[in-house]
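>>> coordinates only, sequence not included:
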């Protein structure tokens, strides 16, 4: 599999008749996070259990269930001294192939969107696919992703991580109680997503763990997850939050004009953010390290294996060689020999690409396949996209290709969606999981679904005031803190706000946005014994003021009751603002000091290198 290492058949329990798939005690590959395109690697990763249940015989009475438990991933920076050229090229090639697949997928979706729709498509498969999706339940429990870094700045190691106790998504009734939805009852689908104890911590000054076994790692990372029963004392950037998302989907082909096609309601109890000076410094060091790795990663095979302090001249030669390669590559592009070679590659690639797209199975045979893969390996990503765009313009005029494409779409409409769904199960690629439903099961499925008839679609004019999508966001309390360090008595500033609400409504030709805030304040904790701790606060309001909101903003695009293109309304009650010069200087210094220190450190390194070089010349 792409992400799973050493998947053993005894860990796999597939019951085709019942629709059960169970994967347990799985180990993640070291390149499992390569898709992020970051200079990181998985030092250890385990997945406790992945379960998939689709009751083929009871689609009208039981939901499909996907559950994931105990996902623990330990991540560290990839060493810049890694001189394995082949491994580096393989990683770059995988990333390029993935990006090409995404580009091809986006191009295909765009073409399908422009193609005429067949109103008669669907049938049984469309009916039970909708039934499965409408009743799909997803359970994710206990996730901990931990990043340990003693490389970006060896003098200041740190550990950061993301923990999640659980996130559950279920189908409910209109009262938000878990239930099974039959398409015969209602076309209104209610989904409830519950998020519990999501947190981000950043422990500055912590050294990487020295786990001796996977069991020890799993035990440590499991107990480090914050729960209500087992609170953890991490240095949180995002303190544990709980939230709910309520989704209402109107799937009626002739929708009720009072119910939007999609309604999303986010509700957060509290969001608390805090940032210390050391965390901010570590963050800047990490960003700088990632940028440096991305810039010089392709030259790692030239990097000296000895420390900088032992041989500064070796690193000067390394930088010079990197620059020479970059300049040489840029100059060679404009040589006639290179331009002629690129023309030949372009013609060859376009020919093979068109041949591949015209084939019924969208594949090539040897030796064309080997040549095509060789070209995609050698050519740059942007060059391949350019060649493909040129080939697509040629294919648009080709009638033979149009016939092949039409046949592909016809074949896809006859196939069931679950035939290829196993490709998305982690690790499924390493074992034979081709799903072959027996004639008996297919007969039962058809018997279950024979009465699922689609309502006839009626074309009618949608009113301009019909709300197609509604989005609501509610936050009871929120706060942002700046600190010198991670202790409570080192706070510099704290901004807090209550009753934050956002609503967004999308209509056919217009959109409206509204944001409300009940109260806010900014506290000064830096100035000792100050007489004005509330730097920003609300002024006292009149007793007969019935408006609970301190701040309101409304934005309309193409408003229904006006000929204007845009409309903006702002309303804010009086504020008390205290200007404190020492406080402002401290806040500015909080963000500017680490950057100044980084620049000073670079200048000191350059001075040392220059002095060493001068001594060698003398």
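Done, it's in. Everything numeric in this text was worked out from a predicted model, so none of it was measured.

>>> what ranges do the helices span in the stretch 451-600 of the chain?
581-617 (DSSP state H, counting those that start in this stretch).

>>> quick one, strands of it?
467-483, 491-507, 511-524, 534-538, 551-557, 566-572, 575-577 (DSSP state E, counting those that start in this stretch).

>>> tell me which strands and helices the shortest one is in contact with?
Packed against strand 575-577, as judged by 3 or more C-beta pairs under 8 Å, 6 or more residues apart in numbering; DSSP states H and E, are the following elements: strand 534-538. C-beta here means a position set from N, CA and C on the backbone, and glycine is covered the same way.

>>> name every strand pairing with the strand it packs on and say which way it goes.
Strand 534-538 has the following strand partners under DSSP bridges: strand 511-524 (antiparallel), strand 575-577 (antiparallel).

>>> ok, and for that strand, which residues are buried?
535, 537-538 (16 or more other C-beta atoms under 10 Å).

>>> rebuild these as a markdown table, extending it with distance to residue 486 and pLDDT.
Output for the buried residues of strand 534-538, formatted as a markdown table (distance: C-beta to C-beta, whole Å; pLDDT from 0 to 100):
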| residue | distance to residue 486 | pLDDT |
| --- | --- | --- |
| 535 | 23 | 92 |
| 537 | 27 | 90 |
| 538 | 30 | 85 |
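
>>> quick one: which of those residues is nearest residue 232?
Distances from residue 232 to the buried residues of strand 534-538, taken as C-beta to C-beta, are shortest for residue 535 (32.3 Å).

>>> is that closest one in contact with residue 525, as I believe?
No: applying C-beta atoms under 8 Å, one finds residue 535 not in contact with residue 525, separated by 10.4 Å.

>>> just for the stretch 151-300 of the chain, where's the confidence low?
Residue ranges of the stretch 151-300 of the chain with pLDDT under 70: 183-186, 255.

>>> over to the stretch 451-600 of the chain?
Scanning the stretch 451-600 of the chain for pLDDT under 70 picks out 451-461, 541-545, 596-600.

>>> if I look at residue 308, how far off is residue 301?
Distance, residue 308 to residue 301, by C-beta to C-beta, to the nearest Å: 18 Å.

>>> now residue 106
Taking C-beta to C-beta as the measure, residue 106 falls 34 Å from residue 301.

>>> how about residue 373?
From residue 373 to residue 301 the distance is 23 Å (C-beta to C-beta).

>>> again with residue 292
Computed as C-beta to C-beta, the residue 292 to residue 301 distance reads 16 Å.

>>> residue 534 now?
Per C-beta to C-beta, residue 534 is found 59 Å from residue 301.

>>> what's the pLDDT at residue 9?
Note for residue 9: predicted pLDDT of 53.

>>> now swap in residue 112 and tell me
pLDDT for residue 112: 57.

>>> I'd like the buried residues of strand 534-538 as TSV, with distance to residue 272 appended.
Formatted as TSV, the buried residues of strand 534-538 follow (distance: C-beta to C-beta, whole Å):
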residue	distance to residue 272
535	19
537	20
538	21
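
>>> what segments of the stretch 101-250 of the chain are strands?
137-149, 158-172, 188-204, 236-250.

>>> in TSV, list these along with distance to residue 297.
Below are the strands of the stretch 101-250 of the chain laid out as TSV (distance: least, C-beta to C-beta, whole Å):
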stretch	distance to residue 297
strand 137-149	17
strand 158-172	22
strand 188-204	25
strand 236-250	27
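
>>> export these to TSV and tack on distance to residue 58 and mean neighbour count?
Listed next are the strands of the stretch 101-250 of the chain as TSV, based on distance: least, C-beta to C-beta, whole Å; neighbours: other C-beta atoms under 10 Å:
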stretch	distance to residue 58	mean neighbour count
strand 137-149	14	19
strand 158-172	15	20
strand 188-204	19	19
strand 236-250	23	17
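
>>> out of the strands of the stretch 451-600 of the chain, nearest to residue 91?
Closest of these to residue 91 is strand 467-483, at 37.5 Å (criterion: C-beta to C-beta).

>>> perfect, I'm done here.
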